[in-house]
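[1] turn this into a model:
(chains A, B, C and D)
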2 protein chains.
Amino acid sequence: MKSEDIARLAGVSRSTVSRVINNYKNVPEETRKKVMEVIERYHFHPNNSARVLAGKKTDTIGLFIVSIAERTNENHIYRNNYFSPFVDAVIDRANANGIYVLVNSIYTVKDYEKIKQAFVERRIDAGIIVGTEKEIDVIADVAAMGYPFSVIDYSSEKILQRIKKGRVAVINCTDDEGIRKVIEYLISLGHRDIGILSGRMNTYSGRVRYEAYREVLDEYGFSPMEEWVLKGEFIKKTAAQEVLKLVNHGKLPTALVCCNDDMALSAIEVLQNSRLNIPEDISITGFDDIMPASLVKPALTTVRVPLYSMAQKAVDEVLRMIGATSGNINIFNLETELVVRDSCAGPH
Amino acid sequence: MKSEDIARLAGVSRSTVSRVINNYKNVPEETRKKVMEVIERYHFHPNNSARVLAGKKTDTIGLFIVSIAERTNENHIYRNNYFSPFVDAVIDRANANGIYVLVNSIYTVKDYEKIKQAFVERRIDAGIIVGTEKEIDVIADVAAMGYPFSVIDYSSEKILQRIKKGRVAVINCTDDEGIRKVIEYLISLGHRDIGILSGRMNTYSGRVRYEAYREVLDEYGFSPMEEWVLKGEFIKKTAAQEVLKLVNHGKLPTALVCCNDDMALSAIEVLQNSRLNIPEDISITGFDDIMPASLVKPALTTVRVPLYSMAQKAVDEVLRMIGATSGNINIFNLETELVVRDSCAGPH
DNA sequence: CTGAAAGCGCTTACAG
DNA sequence: CTGAAAGCGCTTACAG
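    Sure thing, here's the model as predicted:
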């Protein structure tokens, strides 16, 4: 069944069938009805490739989830508590607008090419790039070719410095404000000896969160011991090793700020196994507010990242840009929020 | 940049360019090299729509996640601990084979049409249907049109009775064996008063798990009180209400078999809030083995559903069927496994 | 081994 | 308001 068949059955030309399918205004109601009846009777849907080849949109966006670290790390990308709701939100939002989503995981540097490829093969109208170590060269290439896309959690300076024109939306949250809120909360509880379990420094949020920690402590005139600055790489296992080292070292901070919830959960487990009580012996905070954060005991005090809103914004911007003719670079910083639960108390 | 440009630059015809792109054997090494050089220099990728229209595969499969219940339920599909790893596995497996994945969520009955539509518009070569209330009519239609697909967690009798020919793979796990193992484990601990928190009866696994419970208890000659048979619908909130009713009723079973982990987690929370100790006062078991199952206290004894393998099988079968000429209906039942953790003990 | 040509199923100026 | 025709960018018999 093709449009030609519909045309014959309805007694019109293919042109007219096409006009009713594409909702042209200059089709008399009667003709439209006649054609629609045949279309519906045969459940006709136009061949998408033919439409695209003839110049229509694909009505598909690509979602690229980049994570070199996750490849070997046993938690792959989608069982990652951070990416999962993001994927969810993107698909929901796109589907609600009649847009399909092509999801791709990027686990190796070589796979970066897949991003360009999906555009160049014209499988998608636009893209959303989320994840960690995103490659500026690929991103700049895509922008230069004029394809619209959103990047999540990416340095806007890096983008602005490298990309002069293009249609791109950069969507971040206020990581620095989040760290400030959580540290000031700890200080209000009486803490001065505050350690950090940092994330990966080759990610934007990893850097910003760490730098905000240094900045806020400086501002208050506290200087943490060198041993309290742990490098957790955003990974549970690495975090566990670092925390174990800290415990063996002996002199603990009274509070430990973890740069994501996964590491905070890991830290809690290691500390509890070492017969330390949380929050009595040491306060722990997280970042992200993933689902298990509220399930563990003690429930984790953390900073909520508005992942769902960020995903929706990414979709909305991308859809707007598909329609737009002019190109612009827009930066969005969505608000983070302190979520106080049970993992913090005053020192000793 | 199109194949015609490549042809001109390489000094050959479009036919020859096409032959090297499609790896035809009858192209001399020298010609191939000459063309490949130009292709690589310009990072040429053929327009996918043109290829598909000319008769090639889309190299894309559709993943349809059906869940009417999840729409209003606040946990949407992908933040569902069951679907998330499934989506993960499908994308990983497909991407590893150079296949794209178009993900769609089906939240309303009207959306069922999207499944057929994706096929008829020729956006995909094959599909994978997972989720709950799957519609036999749509499935039968797709099969009748000759499109290959895999269904997960679906009654094979229903399929075989309705679909006479087509290319379809039905992928289930041994839900009945899982329930048997968990109940026999409880019996070995000394339990005789075993209740159930059942799932949705309009799902295959919901029915099978419940029926297996009745069958095994019958076999051992135990008959549970009517009040011990709770209807949780696979939903946390509903489960919580049912368990609360049970607590208020007073006479508790010594063990409660929950038909998924979400409900088991919910049950544990309600019972603990009612000052009951688990497993001392009552033993709890789950089904699925989702990630939080091992994180809660006490860690949940449950039945592991081999979700990852099921997803891989679904992809592998679908890819096999795309290549195959003949049509068949194949049924697979992957093994479940008892995972003993800390939520069960002997009665009193 | 290779090119000219037909064809895939649409859309959209163009002309009437 | 509507049809005939060109064109989108490929692939693949066909003929040589």
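
[2] show me the contact partners of whatever helix or strand A:K33 lives in.
    Per DSSP states H and E: A:K33 is located in helix A:29-41. With CB atoms under 8 Å, 6 or more residues apart in numbering or on different chains as the contact definition, helix A:29-41 has outside contacts at A:6, A:9-12, A:16-17, A:20-21, A:44. Just so you know, the C-beta spots here come from the backbone N, C-alpha and C atoms, and that holds for glycine as well.

[3] need the contact partners of the helix or strand following that helix.
    Later in the chain than helix A:29-41, the nearest helix or strand by DSSP H and E is helix A:48-53. Here helix A:48-53 makes contact (CB under 8 Å, 6+ apart) with A:58, A:122, B:47-50, B:52-53, B:58, B:121-123.

[4] the very next helix or strand once past helix A:48-53 pairs with which strands, and in what direction?
    The first helix or strand that comes after helix A:48-53 along the chain, using DSSP H and E, is strand A:60-66. Its sheet considered, strand A:60-66 pairs with strand A:100-106 (parallel), strand A:126-131 (parallel) by DSSP bridges.

[5] ok, back up a step: any chance of the contacts of helix A:48-53 in JSON lines, with pLDDT, distance to B:V229 and neighbour count too?
    As requested, these are exported to JSON lines (pLDDT from 0 to 100; distance: CB to CB, whole Å; neighbours: other CB atoms under 10 Å in any protein chain shown):
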{"residue": "A:T58", "pLDDT": "97", "distance to B:V229": "51", "neighbour count": "22"}
{"residue": "A:R122", "pLDDT": "95", "distance to B:V229": "56", "neighbour count": "20"}
{"residue": "B:N47", "pLDDT": "97", "distance to B:V229": "59", "neighbour count": "18"}
{"residue": "B:N48", "pLDDT": "97", "distance to B:V229": "53", "neighbour count": "24"}
{"residue": "B:S49", "pLDDT": "97", "distance to B:V229": "55", "neighbour count": "23"}
{"residue": "B:A50", "pLDDT": "97", "distance to B:V229": "59", "neighbour count": "17"}
{"residue": "B:V52", "pLDDT": "97", "distance to B:V229": "53", "neighbour count": "23"}
{"residue": "B:L53", "pLDDT": "96", "distance to B:V229": "57", "neighbour count": "18"}
{"residue": "B:T58", "pLDDT": "97", "distance to B:V229": "48", "neighbour count": "22"}
{"residue": "B:E121", "pLDDT": "96", "distance to B:V229": "46", "neighbour count": "17"}
{"residue": "B:R122", "pLDDT": "95", "distance to B:V229": "48", "neighbour count": "20"}
{"residue": "B:R123", "pLDDT": "97", "distance to B:V229": "45", "neighbour count": "25"}
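
[6] centre-most residue in chain A?
    The centroid of chain A falls nearest to A:V130 when counting by CA atoms, centre = their mean (4.5 Å).

[7] now do the same contact list for it.
    A:63-66, A:83, A:86, A:151-153, A:314.

[8] if we can go back for a sec, among the contacts of helix A:48-53, which pair sits farthest apart?
    The most widely separated members of these, counting by CB to CB, are B:N47 and B:E121 (17.2 Å).

[9] look at A:F332 and tell me its secondary structure.
    Assigned by DSSP: H, G, I helix; E, B strand; the rest coil, the conformation of A:F332 is strand.

[10] what residues does the stretch 1-150 of chain A put near DNA strand C?
    Contact residues (CB under 7 Å from any atom of the strand) of the stretch 1-150 of chain A with DNA strand C: A:1-4, A:14-15, A:17-19, A:21-22, A:46-47, A:50-51, A:53-56.

[11] quick one: A:I268 and A:I278 touch, right?
    Yes. At 5.8 Å, A:I268 and A:I278 qualify as touching, with contact defined as CB atoms under 8 Å.

[12] now the common contact residues for those two.
    Overlap between the contact sets of A:I268 and A:I278, as judged by CB under 8 Å, 6+ apart, is given by A:284, A:298, A:343.

[13] quick one: low-confidence ranges for the stretch 101-250 of chain A?
    Along the stretch 101-250 of chain A, segments meeting pLDDT under 70 span A:133.

[14] tell me which residue of it lies closest to DNA strand D.
    Closest to DNA strand D within the stretch 101-250 of chain A is A:R122: 8.1 Å, counting by CB to the nearest atom of the strand.

[15] so that residue sits against A:T58, correct?
    Yes. Using CB under 8 Å, A:R122 is in contact with A:T58, at 6.7 Å.

[16] enumerate the beta-bridge partners assigned to A:F149.
    A:G127, A:V168.

[17] tell me, how many residues neighbour it?
    Neighbours of A:F149 under the rule other CB atoms under 10 Å in any protein chain shown: 25.

[18] for A:K181, same thing?
    A:K181: 19 surrounding residues under other CB under 10 Å.

[19] hmm, A:V339 and it touching each other?
    No. Look at A:K181 against A:V339 with CB under 8 Å: they stay out of range, at 9.9 Å.

[20] can you list residues touching both of the two?
    Taking CB under 8 Å, 6+ apart as the criterion, A:K181 and A:V339 both touch A:V303.

[21] ignoring the adjacent residues along the chain, who's closest to the residue nearest to the centre of chain A?
    In this structure, A:V130 finds its nearest non-sequential neighbour in A:I152, 4.2 Å apart by CB to CB, 6 or more residues apart in numbering or on different chains.

[22] A:I124 now?
    Using CB to CB, 6+ apart, the closest residue to A:I124 is A:G62 (4.1 Å).

[23] could you do A:I179 as well?
    Distances taken as CB to CB, 6+ apart put A:A212 closest to A:I179, at 3.8 Å, once the chain neighbours are dropped.

[24] in what helix or strand does that neighbour lie?
    If you go by DSSP H and E, A:A212 is part of helix A:204-220.

[25] chain center to that helix: distance?
    Averaging C-alpha positions (CA atoms, centre = their mean, to the nearest Å) puts helix A:204-220 21 Å from its chain's average.

[26] run through the neighbouring helices and strands of that helix.
    Secondary-structure packing of helix A:204-220 (3 or more CB pairs under 8 Å, 6 or more residues apart in numbering or on different chains; DSSP states H and E): strand A:168-173, helix A:175-188, strand A:194-198.

[27] what's next to that helix, contact-wise?
    Contacts to helix A:204-220, defined as CB under 8 Å, 6+ apart, come from residues A:153-155, A:172-173, A:175-180, A:183-184, A:187, A:194, A:196, A:198-201, A:223-224, A:234, A:257, A:259, A:287.

[28] how does it look with 7 Å?
    By CB atoms under 7 Å, 6 or more residues apart in numbering or on different chains, the list of residues contacting helix A:204-220 from outside reads A:153-155, A:172, A:175-176, A:179-180, A:183, A:187, A:194, A:196, A:198-201, A:223-224, A:234, A:257, A:259, A:287.

[29] one more: stretch A:91-108?
    For stretch A:91-108, the surrounding residues in contact (CB under 7 Å, 6+ apart) are A:59-68, A:70-71, A:77, A:87, A:90, A:112, A:114, A:118, A:123-124, A:131, A:311-312, A:315, A:319, B:76, B:78, B:91-92, B:95, B:100-105, B:123.
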